[in-house]
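Novice: Here's my sequence, what's the structure:
(one chain, ligands or ions: 2)
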Amino acid sequence: MPSNRHTPRSVLVTGGAGFIGSNYLLAAVPTQTAVRFVNLDALTYAGQRENLMSLEDLPNYAFQQGDIADRGLVERLFESHNFDTVIHFAAESHVDRSILDPLAFVRTNVLGTATLLEVARQRWKSRGDVRFHHVSTDEVFGALGPEGFFTEDTPYAPRSPYSASKAGADHLVRAYHETYGMPAVISNASNNYGPLQYPEKLIPLVIQNAVSQDPVPVYGMGENVRDWLHVLDHCEAIDRILRSAPDGTTYLVGGGEERSNMDIVHLLLDLVDEALSREAGSSRRLVRFVTDRPGHDFRYALDGSRLAADLDWRPSRSLEQGLRETVAWYLANPEWLEQTRSRTYDEYYTTQYRDRIDAGNPIQAR
Ligand code: NAD
Ligand code: DAU
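Specialist: Numbering: from 1, shown residues only. Ligands and ions are numbered 1, 2, ... in the order given. Below you'll find the model as predicted:
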């Protein structure tokens, strides 16, 4: 079992007010009391400082609002906190938005990552007790057909501005390791779900619309397949990789739970009906087949055997159990959904999302 112990003491977490970063910090800060965490987040539409209020009084946590591409700010933070670890979550993360505004994705995901790497390189020089962990995505490998799995050796073939910008960031991390010897690791994860996910993504969007009985948009015919991973399983894998993976390695983190979008949507609608004591199956009528996402990747599926063999990590939650808990969380936190919903109806939702619903699905209509 290859391993290369890294012991974090002073950690820069980027994007910690987003979905995965919040779940990571809420789990790590109260339990890893000897580790100091600084959360650098620009608080874009996707970031919510309120997610982390329970941490604000803890002595090992600090929040800094700011942009990862602001080199002066990143330098000042390294100067003040002498970081030995970067866990880099910050990104523009939504594929549909990347189709509308690709340069925002290039700026944050490519230039922002390059800025962090460059400041870390200059501060760390040849230190060996440091580590840069890039939190990346399986989308860098492109799209699968009905068979087969991505492995760590699958060639990169991104197909959306989002995945191309994440691929660019992965390549920069690898280049800094190869060229400058920076101790770095990359994890490429599949679709996450769980509490605190911004309701532009499929799972919270379906739950929100089922609760309010609004139309549920399904792209194309709902046949695309994703491999679903509970966010807390992902966070545990990140910690395992951060502390134990050899420098310069990549690990795929998958949930081993492939489902078509239609199956996921029906499952969620049924779970909401059950939880709200509505007639079984009654919310299925909310489904609207709408215009497909351009370049929509057909299927993602990960072979997680390297992570299991090397670091003894496997997901601990089944999809059914995880979705049941997730539906219960959103139903118990209506104020969280309400607060984010008000940010949801921005330009993106008026220009693209509502149009999609109104236009219906040209394929189905033929
Ligand atoms: P998210 O959109 O919920 O959160 C992103 C966070 O980054 C937000 O808090 C936002 O304010 C912050 N941010 C954006 N631009 C910034 C900038 N320029 N400077 C500082 N902060 C900035 O995203 P997420 O779903 O939590 O994803 C986190 C990371 O995990 C991303 O890198 C994403 O590519 C990767 N990932 C996500 C998934 C998934 O299913 N959500 C799966 C695999 C990998
Ligand atoms: O695979 C990892 C990736 O998973 C992450 O890197 C991304 O940050 C994350 O957003 C996610 O990307 P997807 O594009 O797969 O997630 P999304 O929730 O946007 O869509 C999931 C599937 O559901 C996809 O096939 C598109 C479809 N979909 C999505 C929405 C929002 C619909 O059919 N209707 C919708 O309204």
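Novice: Which single residue in the stretch 101-250 of the chain comes nearest to ligand 2?
Specialist: Per Cβ to the nearest ligand atom, T137 is where the stretch 101-250 of the chain lies closest to ligand 2, at 3.1 Å. C-beta: built from backbone N, CA, C; applies to glycine.
Novice: what about S342, how many neighbours?
Specialist: Neighbourhood size, S342 [other Cβ atoms under 10 Å]: 9.
Novice: does it belong to a helix or a strand, and which?
Specialist: For S342, the host element (DSSP states H and E) is helix 334-344.
Novice: Show me where the stretch 251-366 of the chain has its strands.
Specialist: With DSSP state E, counting those that start in this stretch as the criterion, the stretch 251-366 of the chain has strands at 258-260, 287-290.
Novice: list the contacts for the closest residue to P102 other than its chain neighbours?
Specialist: Nearest residue to P102 in three dimensions, chain neighbours excluded: P161, at 3.6 Å (Cβ to Cβ, 6 or more residues apart in numbering). Contact analysis of P161 by Cβ atoms under 8 Å, 6 or more residues apart in numbering lists 98-99, 102, 105-106.
Novice: One more: L40?
Specialist: Contacts of L40 (Cβ under 8 Å, 6+ apart): 12-16, 64, 66, 68, 73-74, 77, 90.
Novice: Residue ranges of each domain in the protein, please.
Specialist: Domain assignment of the chain by automatic domain parsing yields the ranges 10-194+229-253, 202-225+259-291+318-358.
Novice: from those, which stretch is densest packed?
Specialist: domain 10-194+229-253 (a mean of 20; mean count of other Cβ atoms under 10 Å).
Novice: So for that one, mean pLDDT?
Specialist: Taken as a whole, domain 10-194+229-253 has a mean pLDDT of 97.
Novice: So it, near ligand 1 or not?
Specialist: Yes - Domain 10-194+229-253 is in contact with ligand 1 by Cβ under 6 Å from any ligand atom, via 14-15, 17-21, 41-44, 46-47, 67-69, 89-93, 108, 112, 135-137, 166, 189, 191-192.
Novice: Tell me which of these fall in strands.
Specialist: In this view, the residues of domain 10-194+229-253 next to ligand 1 that belong to strands under DSSP state E are 14, 41, 135-137, 189, 191-192.
Novice: before we move on, the earlier item: list the residues that contact the residue of the stretch 101-250 of the chain closest to ligand 2.
Specialist: Contacts of T137 (Cβ under 8 Å, 6+ apart): 163, 166, 188-189.
Novice: Next, give phi and psi for the residue in the stretch 1-150 of the chain that ligand 1 sits nearest to.
Specialist: Using Cβ to the nearest ligand atom, the closest approach of the stretch 1-150 of the chain to ligand 1 is made by G18 at 2.0 Å. Torsion angles at G18 (phi, psi; degrees, to the nearest 10) stand at phi -90, psi -170.
Novice: ok, it to ligand 2 distance?
Specialist: 10 Å (Cβ to the nearest ligand atom, to the nearest Å).
Novice: Kindly report the same for V86.
Specialist: 19 Å.
Novice: related to what we said a few turns ago, just the residues contacting the helix holding S342, thanks.
Specialist: 45, 48, 50, 196, 198-200, 204, 208, 211, 330.
Novice: Widest-spaced pair of those?
Specialist: Y45 and V211 (21.0 Å; Cβ to Cβ).
Novice: Can you tell me which residues in the stretch 101-250 of the chain are near ligand 2?
Specialist: 137-139, 190-191, 201-202, 205, 217-219, 224, 226.
Novice: between the strands of the stretch 251-366 of the chain, which gets nearest to ligand 2?
Specialist: Among the strands of the stretch 251-366 of the chain, strand 287-290 sits nearest to ligand 2 (Cβ to the nearest ligand atom), with 7.3 Å.
Novice: And the ones in strands among the residues of domain 10-194+229-253 next to ligand 1, which is closest to D170?
Specialist: Distances from D170 to these, taken by Cβ to Cβ, are shortest for S136, at 5.3 Å.
Novice: Touching, the closest one and S187? I think so.
Specialist: Yes - if you go by Cβ atoms under 8 Å, S136 and S187 touch, sitting 6.5 Å apart.
Novice: Can you read off the pLDDT for the residue in the stretch 251-366 of the chain positioned nearest to ligand 2?
Specialist: Nearest residue of the stretch 251-366 of the chain to ligand 2 (Cβ to the nearest ligand atom) works out as N261 at 4.6 Å. Per-residue confidence (pLDDT) for N261: 98.
Novice: The residue in the stretch 201-350 of the chain that ligand 1 sits nearest to: what's it in contact with?
Specialist: For the stretch 201-350 of the chain, the residue closest to ligand 1 is K201, as judged by Cβ to the nearest ligand atom, at 6.6 Å. Counting by Cβ under 8 Å, 6+ apart, K201 touches 19, 94.
Novice: cool, and Y251?
Specialist: Per Cβ under 8 Å, 6+ apart, neighbours of Y251: 152, 185-188, 237, 241, 245, 306-307, 310-311.
Novice: Nearest residue to it in space, ignoring adjacent ones along the chain?
Specialist: Nearest non-adjacent residue to Y251, counting by Cβ to Cβ, 6+ apart: L307, 4.7 Å away.
Novice: neighbours of the one you found, just the number please.
Specialist: As a measure of burial, L307 has 22 neighbours, counting by other Cβ under 10 Å.
Novice: That one contacts G255, correct?
Specialist: No - L307 is beyond contact range of G255, at 12.0 Å (criterion: Cβ under 8 Å).
Novice: quick one: the helices in the stretch 51-200 of the chain?
Specialist: Along the stretch 51-200 of the chain, counting by DSSP state H, counting those that start in this stretch, helices occupy 71-81, 95-100, 102-105, 113-124, 161-180.
Novice: helices or strands next to the fourth one in the packing?
Specialist: Okay, so that is helix 113-124. Applying 3 or more Cβ pairs under 8 Å, 6 or more residues apart in numbering; DSSP states H and E, we find helix 113-124 packed against helix 71-81, strand 85-88, strand 131-137, helix 161-180.
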